[in-house]
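Chemist: Just need the structure, nothing else, for what follows:
(2 chains)
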There are 2 protein chains.
Amino acid sequence: MEPHAKTVRRYWDAAEARDWLLFGSVLADDVVYELHQTRERIRGREAYLQFNTEYPGDWHVTIERIVADAAGASCWAMFAVGEESMAGISFFTFDSAGAIATIQDFWPESYDPPPGREHLTERF
Amino acid sequence: MEPHAKTVRRYWDAAEARDWLLFGSVLADDVVYELHQTRERIRGREAYLQFNTEYPGDWHVTIERIVADAAGASCWAMFAVGEESMAGISFFTFDSAGAIATIQDFWPESYDPPPGREHLTERF
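Modeler: The predicted model follows:
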């Protein structure tokens, strides 16, 4: 497995286990986390750990796909809170030591299909 | 460049150029396209080409990131319609000939940050 894919797996495994020491260990000191949809940015491991430890809700993560190459990685995971489930997508870059340097997160919400394409689509 | 990364670039370049012959050439005959948020699925190159040729709006695509490995690829692109711009994210798999076998698309929309984390975030 690509080393960056392993790191992404460890990142989500640590988050699922609320093992913040392990979670912090895969982050660069000066990691930058961006939420593209809200245009929020968090700088540094300490602040990003605090964001995660303070994040509300008993959420649980299941990895659907990891794609990784020498330049970075992306991950599509599903996040369940009770009966609800939503996708979360992250794009990662890494520093020369292999620690996560940047994370860009996307949280696409469900919506109803617009009319006019029922002749081409089925629902799942 | 990973062959799958080249194929993803060709896919979006062809879509941007409205070159539907080229666009179709990177798709497997039995390509499956899924819109995860609406739970819509389109089966086959012909239907997926029709979906794209019928898609409304004078949109333009700019690739932000492509990540590719032997098993697949993902792409984050920005889609502009007039002054508006939004992200689109796709995960791809490929058949043994290198054609696109599956596409799973995500269209995350902008939203306002929830309160309670202003002590950790800046805006960009």
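
Chemist: Can I get the helix or strand in which A:Thr102 is found in CSV, CA atoms only?
Modeler: Assigned by DSSP states H and E, A:Thr102 belongs to strand A:100-106. The C-alpha coordinates for strand A:100-106 follow below in CSV (Å, rounded to 0.1, in the frame of the first residue of the first chain):
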residue,chain,number,x,y,z
ILE,A,100,0.0,15.3,6.9
ALA,A,101,0.7,18.9,5.9
THR,A,102,-2.7,20.0,4.5
ILE,A,103,-6.3,18.6,4.7
GLN,A,104,-9.1,20.0,2.6
ASP,A,105,-12.5,18.6,3.7
PHE,A,106,-15.8,18.5,1.9
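
Chemist: Which residues does stretch A:73-85 contact?
Modeler: If you take CB atoms under 8 Å, 6 or more residues apart in numbering or on different chains as the criterion, stretch A:73-85 is touched by A:2, A:4-5, A:7-8, A:12, A:57-68, A:86-92, A:94, B:65, B:67, B:74, B:76, B:91, B:104, B:106. To be clear about C-beta, it is placed using only N, CA and C from the backbone, and glycine gets the same treatment.

Chemist: between the strand holding A:Thr102 and strand B:100-106, how many degrees?
Modeler: 80 degrees (axes from the mean of the first three to the mean of the last three CA atoms, to 10 degrees).

Chemist: what's the model's confidence in strand A:100-106, averaged?
Modeler: Per-residue pLDDT over strand A:100-106 has a mean of 98.

Chemist: swap in stretch A:78-97?
Modeler: Summarised as a single mean, pLDDT over stretch A:78-97 is 96.

Chemist: So which bits of that stretch are buried?
Modeler: A:Phe79, A:Met86, A:Ala87, A:Gly88, A:Ile89, A:Ser90, A:Phe91, A:Phe92, A:Thr93, A:Phe94 (16 or more other CB atoms under 10 Å in any protein chain shown).

Chemist: and the end-to-end length of that stretch?
Modeler: Using CA to CA, to the nearest Å, one end of stretch A:78-97 lies 28 Å from the other.

Chemist: Likewise for stretch A:47-65?
Modeler: 27 Å.

Chemist: what's next to that stretch, contact-wise?
Modeler: Applying CB under 8 Å, 6+ apart, the set of residues contacting stretch A:47-65 is A:9, A:12, A:15-16, A:20, A:23-24, A:27, A:31, A:33, A:42, A:75-82, A:87-88, B:72, B:74, B:91, B:116-117, B:120-121.

Chemist: PyMOL command for the buried members of those residues?
Modeler: Remark: buried members of the contacts of stretch A:47-65, expressed as a PyMOL selection using 16+ other CB under 10 Å:
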select buried, (chain A and resi 9+12+15+16+23+24+27+31+33+42+75+76+77+79+87+88) or (chain B and resi 72+74+91+117+120+121)
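
Chemist: From the contacts of stretch A:47-65, which land in helices?
Modeler: A:Arg9, A:Trp12, A:Ala15, A:Glu16, A:Trp20, A:Phe23, A:Gly24 (DSSP state H).
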